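**Student:** sequence and predicted structure below; questions after.
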Amino acid sequence: MTTLRCERVLQLTLAVIKPDAVAHPLILETLHQKILENNFIVVRKKDLWWRRKDSESFYAEHSGRFFYQRLVEFMSRQVCGPMRAYILAREDAVAHWRELMGPTKVYRARYTAPNSVRALYGLTDTRNTTHGSDSAESAKREIAFFFPEFSVQQWLDKEEQRFRAGHVEYD
Ligand code: ADP
């Protein structure tokens, strides 16, 4: 008898819906549906505000660039409403979420990826609806930033055990 096992190599990514998109219930709901339709597993989800120092710290690599202050303020509580952070899992989660988002700059997204989230819902390069980790390494770092209580390694180990035991269904 041959047993067919469907191998799933899951990867985690950190996805954020920025305050401009969270502020519009219809866009927020559309983005949530897109996540589900694209076969992501929602591992964790939370709405949160950043203090200015969280925003400065998260975007420290851009410190000194012309858009930095604008971005830091936009992502801080003083200026806007909450953002929504997700830990998402699926095969090639990092690349798939980035593809769904589209290019950073909204005008470029509209020309090169017209069906992407940023092309459809982005307002400006700062208010560009979403953030996504750009590698597995940065996903690990960014997940720890947003969800300090969550252990990527533990989750992956548990996933491995579930797979070996044949439990591949998610709620
Ligand atoms: P991405 O969000 O596509 O991964 P980056 O990590 O390089 O892009 O930049 C973080 C955020 O900084 C972007 O989402 C965008 O809001 C802003 N940003 C980056 N580059 C520019 C730019 N050249 N002009 C304006 N805003 C920018």
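**Tutor:** That came through, no problem. Numbering: from 1, shown residues only.

**Student:** which stretches of the protein have low pLDDT?
**Tutor:** The chain contains residues with pLDDT under 70 at 1-8, 78-79, 167-171.

**Student:** mind listing what Tyr68 touches?
**Tutor:** Listed by CB atoms under 8 Å, 6 or more residues apart in numbering, the contact partners of Tyr68 are Tyr59, His62. For every residue, glycine as well, the C-beta is placed using N, CA and C.

**Student:** swap the cut-off to 10 Å and go again
**Tutor:** Listed by CB atoms under 10 Å, 6 or more residues apart in numbering, the contact set of Tyr68 reads Ser55, Glu56, Tyr59, Ala60, Glu61, His62.

**Student:** now do Val152
**Tutor:** Neighbours of Val152 in contact, by CB under 10 Å, 6+ apart: Leu12, Leu14, Val43, Ile87, Ala136, Ala139, Lys140, Arg141, Ile143, Ala144.

**Student:** now with 8 Å?
**Tutor:** Here Val152 is in contact with Leu12, Ala139, Lys140, Ile143, Ala144 (CB under 8 Å, 6+ apart).

**Student:** Leu10 versus that one, what's the distance?
**Tutor:** Distance, Val152 to Leu10, using CB to CB, to the nearest Å: 11 Å.

**Student:** elements contacting the host helix or strand of Leu28?
**Tutor:** For Leu28, the host element (DSSP states H and E) is helix 25-37. On a contact count with 3 or more CB pairs under 8 Å, 6 or more residues apart in numbering; DSSP states H and E, helix 25-37 meets strand 11-17, helix 19-22, strand 83-90, helix 117-121.

**Student:** does anything pack onto the longest one? Which helices or strands?
**Tutor:** Other elements packing on strand 83-90 under the criterion 3+ CB pairs under 8 Å, 6+ apart are strand 11-17, helix 19-22, helix 25-37, strand 41-48, helix 136-146.

**Student:** again, only using 10 Å
**Tutor:** Contact analysis of strand 83-90 by 3 or more CB pairs under 10 Å, 6 or more residues apart in numbering; DSSP states H and E lists strand 11-17, helix 19-22, helix 25-37, strand 41-48, helix 93-101, strand 130-132, helix 136-146, helix 152-164 as its packing neighbours.

**Student:** run the chain-centre distance for that strand.
**Tutor:** Mean-position distance between strand 83-90 and its chain equals 5 Å (CA atoms, centre = their mean, to the nearest Å).

**Student:** partner strands of that strand, parallel or antiparallel?
**Tutor:** Here strand 83-90 is paired, per DSSP bridges, with strand 11-17 (antiparallel), strand 41-48 (antiparallel).

**Student:** any chance of those in JSON lines, plus mean neighbour count and distance to Phe66?
**Tutor:** Shown next, in JSON lines, are the strands paired with strand 83-90 (neighbours: other CB atoms under 10 Å; distance: least, CB to CB, whole Å):
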{"stretch": "strand 11-17", "mean neighbour count": "24", "distance to Phe66": "22"}
{"stretch": "strand 41-48", "mean neighbour count": "15", "distance to Phe66": "27"}
